[in-house]
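Peer 1: generate a structure from the sequence data that follows.
(3 chains)
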Amino acid sequence: MTIAAPATQTKPAGRSLVWRRIRRNPLSFGALCVIVLIILAAIFAPIVAPYDPDMPDAMAAFESVSWKHPMGTDMYGRDQLSRIIFAARVDLSVAFAATALAVAIGAIFGAMVGYAGGWIDNVAMRLVDAVMAFPAFVLAMGITAALGNSTTNVALAISITQVPAYLRLIRGEMLRVREMEYADAARTVGNPPWRIVFIHLLPNCLPPLIVQATLAMGFALLTMAALSFIGLGIKPPQAEWGVMTAEGAAQIVTGEWWLFLFPGLAIMITVLAFNLVGDGLRDFLDPRMRGIR
Amino acid sequence: MSMYSDRRSFLKLTASAAALFTLSGTGFMPSLAGAQDKRTLTVAWDTDIDTLDPASFKTVGGYTIQANIYDSPLMWKVQPVSGKPGLLQSKPAEYEGGIAEAWAFENNEATVVLKIRKGVKYPSGSPVNATSVKYLFDRGLQSPGYMRILFPRFLRVTKPEQFEVRDEFTIAINMAGPSPMALDILSLINNALIDPEVVKANATAEDPWATAWMKRNAAGLGPYKLVKNDPSVEVVLEAQEGHWRGKPFFDRVVFKFVPNEADRILLLKRNAVDIVVGRPGLSPRNVKSLENEKDLKIVSVPDTTCHWLCMNTQKPPFDNVKVRQAVNYAIPIQAIIPNVLFGYGAEMKSPLPSLTPGYDAAVSPYKHNIELAKKLMAEAGITKPVPVDLAIRVGWLPHEQASIWLQTELDKIGFKVNIVKETDATFRQLASKGDHVLSIESWQSWVNDPMYHLFFNFHSTAKGTNTAFYNNPAVDKLLDENLLEPDAAKRMAAVKELQKIIIGDAVWGHLWYDNWTRVMRKDLVGIEKRWDTFERYFNMKLG
Amino acid sequence: MAFLNYILRRLAFVLPTLFGVSLICFVLTYMLPGNPALVKAGPFATSEYLQEMEKQMGLDRPVHEQYFRYMSGLLRGDLGESASTGRPVTQDFLQRLPATLELTFASLLIAVIIGIPLGVLSAVHRDTIIDHVGRVVGITGVAMPSFWTGLLAIYVFFFLLDVAPAPLGRLGSGIAPPETITGLYVIDSLLTGNWQALRSSLYQLMLPAATLGFSVMAPVARMVRSTMLEILESDYIKAAWAAGLPRRTVIYGDALRNALIPVVTILGIVFGFLMAGNAVIESVFAWPGIGNYAVTALMTKDSGPIQSFVLFVAVMYVVVNLLVDIVYGLVDPRIRLR
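Peer 2: All right, here's what the predicted structure looks like:
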C-alpha cells in the first residue's frame, strides 16, 4: 500500500539500487502485486463480484464448482466467489483499522513517552510490559469474550494487542534519535517540544514501524479467523474470511471441499503476501542488513 | 577440534529427532482397528458433568450420566416403534415400575401409593426400603434444586410429612389434591435412588443434605456405576454387579469428549466410536451427509423440543400483536425445513409440541405470506424500517442458519435485522433480564404434559422461563384453574382454548420441532428414547 | 555475584508486570457480560435466591473491594468454579496442564528441528531459489489458520490415508497412562520403561504437534537466517574463510554455534505463539489441555474459565521469558553487564 513512502524516506541511493533490491527479491515484489490486486477487487467488489453476496437462494444450496459458480455455493445457496470478494472489504478494513489505530496510539504515546523520559516513561513501560505479557491471540480472546464480538470489538481487541509493539518501537527509536545532532539543532532553533517530536523525529522512526505494521496486517487476519473458530469472531451473515473458513472447515467431512478450501486459501494467500512484503521491507530497510550483499 | 565435535553432535540431534517422528509414521504405529472390545460401547459427546447432585444438574452430560447410574421410583414405559427397528420409545401417560414395582391411587387420586421392590440392596449393602425412598423425596423437597420447585406445584407436596412410610416396603404420597402429572414427576431421574446412609455420612451442620459432597460423588443404585469422571477427557460407566434388572449387554460405556463436530463425524465414519449423543451432537446437515454410510444407522423420530422466534411482548415493536402476527406470516418455514433441518424436524404449528396430548395443528392460520405480513405491518403503523437485534447462541448451528433465512424475510416486511451471536452465558443473562427483543429460543419439557409446558412458557409468574414476557390474565386464569384439573376432558378443553388465545396473540414466531436423532453403528439396537430425551444404556446391545 | 545480581534485577522487573497482568485480567473478568451468579443458580432460580447468590459471591460489592477479593483469591490459587465441570478451575487447570505442556514442547521441538536447518540453508544460499523456497515454506506455515491446517491434517492422515490415529486425546483407546512422574506421557513412559504407552502417546502427539510446530517455525527460521547472515559477514568468519578452513566446517561449526545463541531469545516468543495456538489446536484434536478446556467452557456454559486461561497463560509466558533471559545471560555473559 504505502510501499512508496519508505523508499522516499530512506533514499538509500538512486533508482538503480531500488531496482536491484526489488529484482533480488522477486517474491516480495510479486506479493506486493497480489496485495494490490486484492485491494482493487475489494474496492470494486460490486463490479467484480458476479452475484449479491448475501442473497440466499434455496434452490442453489451446496452447488459445487462450475462455470456459473467458480467457487461453488454455500448452504444458503450464496455464491462463494462473490462472498470471498466482498469479504475482502471487511477483512482488509478491519485489519487495516486495527493496525492503523494501534500504530497511531503506539506512535503518539511512544514518541511522547520516549521524549519525556523519567517516571512517565517508567510507568508507561511497565504497563506495556503487562500487556505484552499476554500472547497476542490469547489477549484478543479475553477481550472479545468480555466485550462481545461485534466487528468494532474484534478490531479493538486486535488493536490493543498490537499497541505495545509500536509504542516500544517508537520509544526506542525516540531515545536513540533524541540524542542525535539534528534534534539538538532543532531545539536550539527554538522549536517547541511537540514540534520536534512529530515533525523532526517521528519520520525517522517510520521504516521499522512500516515493517511491523505490514506484518501485523497478516496477524490481524489470522486472529479474526481463529476467533471465529472458537465462536468469538465477526458475526453472521457478514461475509468475512475467518467466519467462512471456520464454517467451511466443518464441511470438509461432508464433502463440500470448496467451502473448506477457498476461504482458507484466501486467508493464506493474503497473509502470505503481507508477510512476504513485510519480510522484504525489513531486508530493504533494516540498517543492520544494509551492508550485506 | 571442538568445532568438529560440535557440528557432529548437532547433526546427531537433528537426525535422531527427525527419525523419531518419521518412525511414528511407518510400522511403528500401534494398530487400533479391531482391538475394540465387543462389550464396550464407545460414545462421542461434547458435554461435561456439571454436578452429580441429582437435584440440580444443568448439563446434558450431567443428566445422561444420572439417568444411567440411578434408578428412579417409576420409569416412562418404552415400546418398540413400527418402522424403526432397534428403537424403543415412550408413549404419553404410560409408565412402568422402577424401584417402585407397583403404584396405586387412593383417596380420590389424591394419594399415590408406591410398593417398593423387595430384596434390593445398595452397593454399600444396606437395603432399599420405603424409608430410603422417603429420604430421596425429602431431600428433593428440601435441598436446593429442581424438585424444590416441581414438588409443591405439580405433586402438591409442600411438607416432608406428606411422604408417609406405611410399612417397610410401602410409601404413600399424600398430595393436597389429585394431580394429573404425579406419575410423570415420579418418573423424573431427579428422584434418584441415593443411599441415605452414605449421604448422611457426608452431611454437615450447615449442609444437611450434603449438597457439596453430592456434587462430586455418586452414591446409590442404578444399572451402571460411574468409575471415571475426567472432565473434557472421558467418562466411564461400568455395569452394576447384581442389579435387580439384570446384566446389561455392555459392561462398559466410555464417553469420549470430542468438542469438534467435524471430528465426531470422521470418528463415526471410521468406526472409531459407536454412537454420537448429546445436544447438538450432530447438526441436521451433517446427519444428512451420513445417510449413505454403509456401516452407520440413523435413528430419527419426532420429539418434543420446540424452537421458536422469541419476541419480547413487553417491548416495541413486538408489544403490538399485529407486528407479532406479521412476523409469523413472514417466517420462511418452507425454506427452513429442507435447508436447515434437512428433513430432521417438522414445522411448528402450535405452542405445544406435536407429541403432547391436546396438540391441535388446525388452530394456527400462519403460513408464509409476505403480502399479508406487509399489510399487518402497515396496520400496526410501521412505515419506516425498524432496526432490531436478533440474538442467537454460539454453537447452535441450526439457529444460526435459520437466522439468515429469517433476516432476509423480515427485512422484506419492514425490519432491519442485525444478527447478534452470544455465548450461552451471555444469552441467558440478557434473556432473563428481558434485554432480548428478538431471539431464537428453544424448550423441551421433561414432563410431556400440555399444562406443564404452557405454564412454564406462558404464565406471567413463570419468571426465567416465560421468555416472551407474555402477560395475559386470561391465559394465567385458564392455567391456574386447569393445571391440576382431574377431569381430563375439561382439562383438554382448556388446552385447546389456551392454544387459540396464544396463537391469536402470536406470542411466539413458530419455527420447528426437532427430531430426536442419533447416528450409530449399524448393528446397535435397544435404543431407548424417553420423554426427557436422554438415552439409557441398559437395553442397548449389538444385534 | 554479577550473575545473581542480574537474576535479581530481572525478578524486580517481573513483579510489576505480574501486577499489571492481574489488573488487566480483573478488568476483563469484571466486564464479562454473563452474570456468574445466574449461571450458578440456574434457570429456575427465584430472584431472592439469585440475590443471595450474588451476595455470597460478592458481586454486590464496590469495584475495588471486588478487586481485593479477586486478588486474595488469586494469591490463594483460587480461580473460582467452573459451571460446566462443577470443579475448581485451578484443579481442572493443573490436571490439564501436563497435556498442554507436552504438546507445546513437542511443537517447539519440531519448530526448532525444521526451523534451524531452514534458516541456515536460507542464509548460506541467500537470494537463491533455495532461500526463496525456504522463506515461502516458513511463511506459509504462519499464514495458514491453524485450525484449518489441523482439520486438513486429520482428514488426510486419519480419514483418507489412515496413518494417523483418531483425534481422541493423548493415548489410544484401552491404553493406560504411565505412572505419573512429570505428567508428560512421553517422558513418564520413557522413565518407567512403558513402551506401549510411549508408542501410543508419540503416535497421538504426532499430528497436533506437527500442525502446531509447522505454524511457528517461521520465526525460528527467520531469526537463524538473519543472525547467520550477520555472522557470516563478520570479521572472524571472514578470517576463517581466508585461513582456508573448509566451507562446511565454518558454516556448521563456528557460524551456526554463534547463531544459535540469539535463537534462545526467540524461543520465549515462540512459546507465546504456541500457547495461543493451543487454544485452537487442542479443540481440533480433542487434546485434553487447558486451551481446549477454556474454549469448551466458553462455548457451552460459562466464560469464566476463558479469563482464567488468559491469566494462566500470561503468567506462564512471563515465567518462561524470565527463564529465557536467565539462560541467555548464562550463555552470553555480555548481557549481564547491561
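Peer 1: where does the chain have low pLDDT?
Peer 2: With no chain named, the answer covers chain A. A:1-24, A:180-183, A:193-194, A:196-198, A:200-202, A:236, A:286-293 (pLDDT under 70).
Peer 1: I was thinking of chain C, sorry if that wasn't clear
Peer 2: Using pLDDT under 70, chain C drops low at C:1, C:32-49, C:300-304, C:332-338.
Peer 1: go through it and flag its longest helix.
Peer 2: helix C:195-232 (DSSP state H).
Peer 1: so which elements touch the helix or strand following that one?
Peer 2: Later in the chain than helix C:195-232, the nearest helix or strand by DSSP states H and E is helix C:235-242. Counting by 3 or more C-beta pairs under 8 Å, 6 or more residues apart in numbering or on different chains; DSSP states H and E, no packing neighbours are recorded for helix C:235-242 among the helices and strands. C-beta coordinates here come from the backbone N, C-alpha and C atoms, glycine included.
Peer 1: so what touches helix C:235-242?
Peer 2: With contact meaning C-beta atoms under 8 Å, 6 or more residues apart in numbering or on different chains, helix C:235-242 is reached by C:231, C:250, C:254-255.
Peer 1: measure the residue lying closest to C:Ala123 once chain neighbours are set aside to chain B for me?
Peer 2: What sits nearest to C:Ala123 in space, not counting adjacent residues and going by C-beta to C-beta, 6 or more residues apart in numbering or on different chains, is C:Met228, at 3.6 Å. Computed with C-beta to the nearest C-beta, to the nearest Å, the distance linking C:Met228 and chain B is 14 Å.
Peer 1: wait, doesn't C:Met228 sit right on C:Ala255?
Peer 2: Yes: using C-beta atoms under 8 Å, C:Met228 is in contact with C:Ala255, at 6.2 Å.
Peer 1: just to revisit the earlier point, which parts of the longest helix of chain C are buried?
Peer 2: C:197-232 (16 or more other C-beta atoms under 10 Å in any protein chain shown).
Peer 1: how about stretch A:119-132?
Peer 2: A:121, A:124-125, A:127-132.
Peer 1: got the CA coordinates for it in PDB?
Peer 2: Output of stretch A:119-132 as PDB, limited to C-alpha atoms (Å, rounded to 0.1, in the frame of the first residue of the first chain):
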ATOM      1  CA  TRP A 119       8.900   8.400  35.700                       C
ATOM      2  CA  ILE A 120       6.300   8.800  32.900                       C
ATOM      3  CA  ASP A 121       8.400   6.600  30.700                       C
ATOM      4  CA  ASN A 122       8.800   4.100  33.600                       C
ATOM      5  CA  VAL A 123       5.100   3.800  34.300                       C
ATOM      6  CA  ALA A 124       4.200   3.500  30.600                       C
ATOM      7  CA  MET A 125       6.800   0.800  30.100                       C
ATOM      8  CA  ARG A 126       5.600  -1.200  33.000                       C
ATOM      9  CA  LEU A 127       2.100  -1.000  31.500                       C
ATOM     10  CA  VAL A 128       3.400  -2.100  28.100                       C
ATOM     11  CA  ASP A 129       5.200  -5.000  29.800                       C
ATOM     12  CA  ALA A 130       2.000  -6.100  31.300                       C
ATOM     13  CA  VAL A 131       0.100  -6.000  28.000                       C
ATOM     14  CA  MET A 132       3.000  -7.700  26.300                       C
END
